[in-house]
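> give me a 3D structure for the following:
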Amino acid sequence: MFVVCGEALMDVYVLGTTPTGLHLDARIGGSPFNVAVGLARLGRRSALLTGLSRDAAGERLMQVLAAEGVDTRLVLRSDAPTTLSVVSVDAAGVPHYAFYGHGAADRAIDTASLPALPPEVRVLQFGSYALVAEPVGSALRALAARERNRCLVAYDPNVRLNVEPDLARWRTTVEAMAALSHIVKVSDEDLGLLYPDSAPAEMARRWLSLGVRLVVLTRGARGSEAWTPTRHAAEAAAPVEVVDTVGAGDTFQAALLTWLDEQEALSAAGIEALDAAQLATLLRFAARASAITCSRRGADMPRRNELRAD
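Numbers count the residues shown, from 1 in each chain. Reported below is the predicted structural model:
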């Protein structure tokens, strides 16, 4: 079983005004939430470890998890509110973001309240702002440290400066998680924010020296790269007519883990045994999955039968 750890929230879009207020459209979201659903759609057993409110938004998030086949036994319910990320566009077409997460359910988890993991858990996936928010960040980092010798740990920083603008805090968290992870997947945008003076290959070597077994860099329309301690591969992006890129990175991560699982390579030893051709195949598979999501509105991730074998 895959357990995805992190936030679940509502993205709220301001569509316009009404005579007495605003016209809003709220959509389920959160990078870890998307990865858990993406894994389930690709035929993997997945669970989400998060905090969800008992409010209307939290109930809707729970309903979607159940409908998608995501295991909810590790979801902690509370009366704290659901996090809201509000997106509006001004008269010039420039988007503006407001984030309402203080005291919200998804960041209220502490070390004492962490649920016990089922014995069948093989992979822990961590990511996004839950690792830098407190008290949940400390709890999740402690979970990774406790379980890394039993489970494969995967990490995607997914930097969100509208939630935590302090890049130094992000760097501290990324370094701590890299030292605990077997897989690190990062976008070129995030890497540029965190380490503007370092080349991607240099950062890959640094993380590999800490014990990471696979580093993957996504470059959007410019493709992706992967490094293991002994191999390197690079692939072009899959051709696609882009509708939007919401959920593309989350889809890539879910597909990456799915491919490794299908190839029985979902372990440190299995990853190190991959040759350059297999790494390239992995990148193509994840890129095709991500392209399908980009071809549709919102984080509408593919199912396994939509992806052909390479």
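> only C-alpha atoms for contact and neighbour calcs from this point on.
OK.
> which strands or helices does the helix or strand hosting residue 205 pack on?
Element membership for residue 205 (DSSP states H and E) is helix 200-209. If you count contacts as 3 or more C-alpha pairs under 8 Å, 6 or more residues apart in numbering; DSSP states H and E, helix 200-209 packs onto strand 214-218.
> okay, the strand it packs on in CSV with CA atoms only?
Once non-C-alpha atoms are left out, strand 214-218 reads as follows in CSV (Å, rounded to 0.1, in the frame of the first residue of the first chain):
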residue,chain,number,x,y,z
LEU,A,214,16.5,8.4,-7.5
VAL,A,215,16.3,12.1,-8.3
VAL,A,216,13.9,13.2,-11.0
LEU,A,217,13.7,16.7,-12.4
THR,A,218,10.6,17.8,-14.3
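> starting at the chain centroid, how far to the helix or strand following that strand?
Of the helices and strands lying after strand 214-218 in sequence (DSSP H and E), the nearest is strand 224-227. Strand 224-227 sits 17 Å away from the centroid of its parent chain (C-alpha atoms, centre = their mean, to the nearest Å).
> pull out the buried residues from stretch 81-96.
Of all the residues in stretch 81-96, those buried under the rule 16 or more other C-alpha atoms under 10 Å are 81-88.
> that older thread, so what touches the helix holding residue 205?
The contact list for helix 200-209, computed with C-alpha atoms under 8 Å, 6 or more residues apart in numbering, reads 178-179, 188, 191, 214-215, 217, 227-229.
> kindly export it (C-alpha atoms) in CSV.
Presented in CSV, the C-alpha positions along helix 200-209 are these (Å, rounded to 0.1, in the frame of the first residue of the first chain):
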residue,chain,number,x,y,z
PRO,A,200,20.3,20.5,-11.5
ALA,A,201,23.0,17.9,-11.9
GLU,A,202,24.9,19.4,-9.0
MET,A,203,21.9,19.2,-6.7
ALA,A,204,21.1,15.6,-7.9
ARG,A,205,24.7,14.6,-6.9
ARG,A,206,24.3,16.3,-3.6
TRP,A,207,21.0,14.5,-2.8
LEU,A,208,22.4,11.2,-4.0
SER,A,209,25.3,11.6,-1.6
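> residue 220 contacts residue 237, correct?
Yes: using C-alpha atoms under 8 Å, residue 220 is in contact with residue 237, at 7.1 Å.
> the closest residue in space to residue 148 that isn't next to it in sequence: neighbour count?
Distance criterion C-alpha to C-alpha, 6 or more residues apart in numbering; nearest residue to residue 148, sequence neighbours excluded, is residue 180 at 6.6 Å. The local packing of residue 180 (other C-alpha atoms under 10 Å) involves 25 other residues.
> ok, residue 180 - contacts?
Neighbouring residues of residue 180 by C-alpha under 8 Å, 6+ apart: 144-145, 148, 153, 211-212.
> switch to 10 Å and redo it
By C-alpha atoms under 10 Å, 6 or more residues apart in numbering, the contact list for residue 180 reads 141-142, 144-149, 152-155, 174, 210-212.
> same thing with residue 191?
Residue 191 neighbours (C-alpha under 10 Å, 6+ apart): 157-159, 197-200, 203, 217-218.
> residue 73 too?
Counted by C-alpha under 10 Å, 6+ apart, residue 73 has contacts 47-49, 115, 117-118.
> what residues are shared contacts of residue 220 and residue 237?
Counting by C-alpha under 10 Å, 6+ apart, the shared contacts of residue 220 and residue 237 are 287, 290-291.
> how about those residues in a markdown table, adding neighbour count?
Output for the shared contacts of residue 220 and residue 237, formatted as a markdown table (neighbours: other C-alpha atoms under 10 Å):
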| residue | neighbour count |
| --- | --- |
| 287 | 29 |
| 290 | 29 |
| 291 | 25 |
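> which ones among these are found in strands?
With strands taken from DSSP state E, there is no overlap with the shared contacts of residue 220 and residue 237.
> hang on, the earlier thing: and of the contacts of residue 180, the nearest to residue 255?
Closest approach to residue 255 among those (C-alpha to C-alpha): residue 154, at 12.8 Å.
> hang on, residue 165 packs against residue 133?
No: in this structure residue 165 lies outside contact range of residue 133 using C-alpha atoms under 10 Å: 11.5 Å.
> neighbour count winner among the two?
Taking neighbours as other C-alpha under 10 Å, residue 165 and residue 133 compare with residue 133 leading, 18 against 11.
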